[in-house]
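Engineer: Okay, sequence plus prediction incoming.
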Amino acid sequence: MHRGLTTTEAAERLGVDRATVKRWVVSGTLRASFTLGGHARIPEVEVKTLKGLLRASAKKKRVLVVDDEPAVLRAVARDFRRHPEVELVTANSAGEALVLFGVHPPDVMVVDLRLQDLQGEQVISAVRQHGARDDVRIFGMTCDLSGERGSRALHAGAERVLQKPLRPEVLLPMILGPGPADATPNPDA
């Protein structure tokens, strides 16, 4: 029977320090047995599993979708359930979106331009002016691309304005694709 990995060996394999491994053992993130002297021994399979999870979570993109229509949020959640590379967070108001943005800044934000508590372009402007991250990619979405609302959203800092209903085959490549510097220009701008 293999004795298991020491905290130092596990730390080397996971690319973290030994104190982090000890915290993971105490919290139960890593299952371990203990020697008579109280030293943790971590099964190699535990380290391999955690390493895979860390690698997968590092590749995920956090996407915040803001819409005051519950049916739209349900549809987006359903569409993205099949995409483990996306961590979806939803908000049903501008206020909730701004709080979520402050607590867990997303990589990508998709904002309905017609919200009940604030206009979408106001949300975009607030994020651009006061957000903790200036690299967040922001897309507006609306049912009507012909009005001035889309232009105002672009002026406020949206990268692009998308037609509702959102189609995952259109949105997913934008979320996972290159940033604004490499993006295709918006033909509707």
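Structural biologist: Looks like it came in fine. Numbers count the residues shown, from 1 in each chain.

Engineer: all helices of this protein, in order?
Structural biologist: For the chain, the helices defined by DSSP state H cover 7-14, 18-27, 44-59, 70-80, 94-103, 120-130, 148-156, 168-176.

Engineer: quick one, what contacts the residue nearest in space to the middle of the chain?
Structural biologist: Geometric centre of the chain, nearest residue: Arg62, 0.5 Å, by Cα atoms, centre = their mean. By Cβ atoms under 8 Å, 6 or more residues apart in numbering, the contact set of Arg62 is 87, 89, 104-108. Heads up, the C-betas are built off the backbone N, CA and C, glycines and all.

Engineer: With neighbour count and distance to Glu159 as added columns, please give these in CSV.
Structural biologist: Listed next are these as CSV, based on neighbours: other Cβ atoms under 10 Å; distance: Cβ to Cβ, whole Å:
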residue, neighbour count, distance to Glu159
Glu87, 16, 20
Val89, 18, 18
His104, 11, 20
Pro105, 16, 16
Pro106, 23, 13
Asp107, 18, 12
Val108, 20, 9
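
Engineer: Take those and keep only those in strands.
Structural biologist: The strands, defined by DSSP state E, take in 87, 89, 108 from the contacts of Arg62.

Engineer: which stretch among the helices of the chain comes nearest Leu113?
Structural biologist: With Cβ to Cβ, the closest approach to Leu113 among these belongs to helix 120-130: 3.5 Å.

Engineer: List the buried residues in the closest one.
Structural biologist: Using 16 or more other Cβ atoms under 10 Å as the test for burial, helix 120-130 gives 120-127.

Engineer: Equivalent analysis for stretch 144-155, please.
Structural biologist: For stretch 144-155, a neighbour-count test (16+ other Cβ under 10 Å) marks 145, 149-150, 152-154 as buried.
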